[in-house]
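Q: Show me the folded form of this:
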Amino acid sequence: MAMTDEEKATVNKRLLIGLGLTAAFCAAALVPDKQTRSKPSKPCFFYLVPLLRIKALLPELEATVASADTAKLRSGVAIVL
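A: Residues are numbered from 1 along each chain as shown. Next up is the predicted model:
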């Protein structure tokens, strides 16, 4: 089945758009990281430890919600926040 001239034009247009976007993404990948990212003020440890503690508290809070103990739930939410 042969393609019509209109279909060929559509394929060529999409091919050019795809190649242009590929070239743009490749050029963006060549930008040095030092110019786009700032160095964190603290080591990764200081960001991850609180998240892991919160993750450990979530099952407790889920049980507290199930038991409808609002006072304990408020204190748990305050700890998370």
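Q: What ranges in the chain fall below the confidence cut-off?
A: Along the chain, segments meeting pLDDT under 70 span 35-36.
Q: neighbouring contacts of the helix or strand containing Ile17?
A: Per DSSP states H and E: Ile17 is located in helix 5-29. Defining contact as C-beta atoms under 8 Å, 6 or more residues apart in numbering, one finds that helix 5-29 is touched by Met3. Every residue, glycine included, has its C-beta placed from N, CA and C.
Q: Any figure for the gap between Leu16 and Leu51?
A: Distance of Leu16 to Leu51, given as C-beta to C-beta, to the nearest Å: 45 Å.
Q: How far off centre is the helix holding Ile17?
A: Relative to the centre of its chain, helix 5-29 is centred 27 Å away, using C-alpha atoms, centre = their mean, to the nearest Å.
Q: just stretch 52-66 next, same as before
A: Its chain's C-alpha centre and that of stretch 52-66 lie 24 Å apart, by C-alpha atoms, centre = their mean.
Q: do the same with stretch 73-81
A: Averaged C-alpha coordinates place stretch 73-81 at 26 Å from its chain's average position (C-alpha atoms, centre = their mean).
Q: tell me which residues in that stretch are buried?
A: Neighbour-count burial for stretch 73-81 flags Gly76 (criterion: 16 or more other C-beta atoms under 10 Å).
Q: Then stretch 9-24?
A: Within stretch 9-24, no residue is scored as buried using 16+ other C-beta under 10 Å.
Q: C-alpha coordinates for that stretch, PDB please?
A: Extracted in PDB, the C-alpha atoms of stretch 9-24 (Å, rounded to 0.1, in the frame of the first residue of the first chain):
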ATOM      1  CA  ALA A   9       4.300  15.300   4.300                       C
ATOM      2  CA  THR A  10       2.800  14.300   7.700                       C
ATOM      3  CA  VAL A  11       5.400  11.700   8.300                       C
ATOM      4  CA  ASN A  12       8.200  14.100   7.300                       C
ATOM      5  CA  LYS A  13       6.800  16.800   9.600                       C
ATOM      6  CA  ARG A  14       6.600  14.500  12.600                       C
ATOM      7  CA  LEU A  15      10.100  13.200  11.900                       C
ATOM      8  CA  LEU A  16      11.500  16.700  11.900                       C
ATOM      9  CA  ILE A  17       9.700  17.600  15.100                       C
ATOM     10  CA  GLY A  18      11.000  14.400  16.700                       C
ATOM     11  CA  LEU A  19      14.500  15.100  15.600                       C
ATOM     12  CA  GLY A  20      14.300  18.700  16.800                       C
ATOM     13  CA  LEU A  21      13.000  17.700  20.200                       C
ATOM     14  CA  THR A  22      15.800  15.000  20.500                       C
ATOM     15  CA  ALA A  23      18.400  17.600  19.700                       C
ATOM     16  CA  ALA A  24      16.900  20.000  22.300                       C
END
